[in-house]
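Engineer: model this:
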Amino acid sequence: MENSENIENIESNENLNFQSRLNLEPLRESIDKIKAEMETVIVGQHKMIDQLLVAILANGHVLIEGVPGVAKTMTSKIIAKTLSVGFSRIQFTPDLMPSDILGTSVFDLKKSEFEFKKGPIFSNLILIDEINRAPAKTQAALFEVMEERQITIDGNSFQLERPFIVLATQNPIEQEGTYRLPEAQLDRFIFKINIDYPKLDEEISIIQREHNLQNTGKLEHIKAVLSASDIMNYQALVKQIIVEPNLLEYIAKLVVNTRENAFLYLGASPRASIAILNAAKGFAAIRGRDFVTPEDIKEAAIPVLQHRVIVTPEREMEGLTSVEIIKQIIESIEIPR
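Structural biologist: Alright, predicted model coming up:
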């Protein structure tokens, strides 16, 4: 009798598990459509496209780094065209002031009072071009808006419309006329994506496509795939993806190891742990899974951690990079089974 009851319980549990599964099919289809639109212009760079889409699903900001001419700005503009949300572009320069980004109070003569004129940051998708060309004062203006998605000016708080995502591009630090971004600001980007030069076959494909374009613009045929409400629904869906307790422990071990590592002068903050969790859920979602695997965490770890840690000066002089150290950390920690 007990056996039959146990069997019934097991069956009912299986049914429950089956019913609680998330329907990720519409999300997968939308992601594939966006990828198809992007691949009409961007050659290769599949990893970068995946990371950008995961960042949007995880509701995080992205820092894209690469030398001039590797389609950093172009990629951001294509992403903006595939999403039918407000888009704003800000070109950072050494003389840019915080009020040029956030907005300013203007005196209205008719009403005899100050009226707040919103700046370009009041949009959904913000492209900040060459973010490391502006000085620290201007960078500091982004702290509140990137973390809390609100702005405080003259004692008044303004909430920004959701979704609110910043895509920032920068040239490598060695370039002339650039400032290093403050650590507090780097920590607010979920990912830092490095764009490398294309390989030979990709370079040939780029030249061939440019030749075939003739008079048509690159972005003319890009169609919008997702609306603001779609993005917010998918972001809420991704939050519900299942993560086993031993995987949460695995994330914590990775991050704690960065703080204890002898090669690192500065480790990652708890914000990095949360970023790995959200990014791993995003990677699971774009692969059509409603649960996170250790591979998702590994894939999220490098783009999440590489800009948050600082290599000790001695190791930096030896040519060791943060990416290499993070890879060593990932290899040293046992994968939960």
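
Engineer: For the stretch 201-337 of the chain, give me the ranges with low pLDDT.
Structural biologist: Residues of the stretch 201-337 of the chain meeting the criterion pLDDT under 70: 215.

Engineer: where exactly do the strands run in it?
Structural biologist: Remark: strands assigned in the stretch 201-337 of the chain by DSSP state E, counting those that start in this stretch are 226-227, 264-266, 310-311.

Engineer: Show the secondary-structure elements that the last one is packed against.
Structural biologist: Looking back up the chat, that one is strand 310-311. Judged by 3 or more Cβ pairs under 8 Å, 6 or more residues apart in numbering; DSSP states H and E, the packing partners of strand 310-311 are strand 264-266, helix 322-332. All C-beta atoms are positioned from the backbone trio N, CA, C, and that covers glycine.

Engineer: can you put the ones you listed in TSV and add distance to residue 289 and mean neighbour count?
Structural biologist: Formatted as TSV, these follow (distance: least, Cβ to Cβ, whole Å; neighbours: other Cβ atoms under 10 Å):
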stretch	distance to residue 289	mean neighbour count
strand 264-266	32	16
helix 322-332	20	17
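
Engineer: of all those, which lies closest to residue 60?
Structural biologist: Among the helices and strands packed on strand 310-311, helix 322-332 comes nearest to residue 60, with 18.0 Å by Cβ to Cβ.

Engineer: Dump that closest one to PDB, keeping only the CA atoms.
Structural biologist: C-alpha atoms of helix 322-332 as PDB (Å, rounded to 0.1, in the frame of the first residue of the first chain):
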ATOM      1  CA  SER A 322      43.000  39.800 -15.700                       C
ATOM      2  CA  VAL A 323      41.400  37.400 -18.200                       C
ATOM      3  CA  GLU A 324      44.300  34.900 -17.800                       C
ATOM      4  CA  ILE A 325      44.000  35.100 -14.000                       C
ATOM      5  CA  ILE A 326      40.200  34.600 -14.100                       C
ATOM      6  CA  LYS A 327      40.700  31.500 -16.300                       C
ATOM      7  CA  GLN A 328      43.100  30.100 -13.800                       C
ATOM      8  CA  ILE A 329      40.600  30.700 -11.000                       C
ATOM      9  CA  ILE A 330      37.800  29.000 -13.000                       C
ATOM     10  CA  GLU A 331      40.100  26.000 -13.600                       C
ATOM     11  CA  SER A 332      41.200  25.800  -9.900                       C
END
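
Engineer: what's in contact with it?
Structural biologist: 254, 257-258, 261, 263-264, 298, 301-302, 305-307, 309-311, 315 (Cβ atoms under 8 Å, 6 or more residues apart in numbering).

Engineer: repeat for stretch 136-145
Structural biologist: If you take Cβ under 8 Å, 6+ apart as the criterion, stretch 136-145 is touched by 92, 96-98, 100-102, 121, 128, 131, 150-152, 160, 164, 166, 179, 181-182, 184-185, 188.

Engineer: which stretches of the stretch 1-150 of the chain aren't confidently modelled?
Structural biologist: Along the stretch 1-150 of the chain, segments meeting pLDDT under 70 span 1-20.

Engineer: Mind jotting down where the strands sit in it?
Structural biologist: 61-65, 83-84, 87-91, 103-108, 113-118, 125-129, 150-153.

Engineer: Of all those, which one is nearest residue 46?
Structural biologist: strand 61-65 (15.0 Å).

Engineer: Direction-wise, compare that closest one with strand 125-129 and give the angle.
Structural biologist: Angle of strand 61-65 versus strand 125-129, following axes from the mean of the first three to the mean of the last three Cα atoms, to 10 degrees, is 30 degrees.

Engineer: what lines up beside strand 61-65 in the sheet?
Structural biologist: Strand 61-65 sits in its sheet next to strand 165-170 (parallel), strand 189-194 (parallel), going by DSSP bridges.

Engineer: can I get the CA coordinates of the first one in PDB?
Structural biologist: Meaning strand 165-170. The C-alpha trace of strand 165-170 is given here as PDB (Å, rounded to 0.1, in the frame of the first residue of the first chain):
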ATOM      1  CA  ILE A 165      20.200  50.100 -20.700                       C
ATOM      2  CA  VAL A 166      23.600  51.900 -21.300                       C
ATOM      3  CA  LEU A 167      25.800  50.600 -24.100                       C
ATOM      4  CA  ALA A 168      29.200  52.400 -23.800                       C
ATOM      5  CA  THR A 169      32.100  52.100 -26.200                       C
ATOM      6  CA  GLN A 170      35.700  52.900 -25.500                       C
END
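
Engineer: What's the mean pLDDT across the very next helix or strand once past it?
Structural biologist: Counting by DSSP states H and E, the next helix or strand C-terminal to strand 165-170 is helix 183-186. Across helix 183-186, pLDDT averages out at 87.
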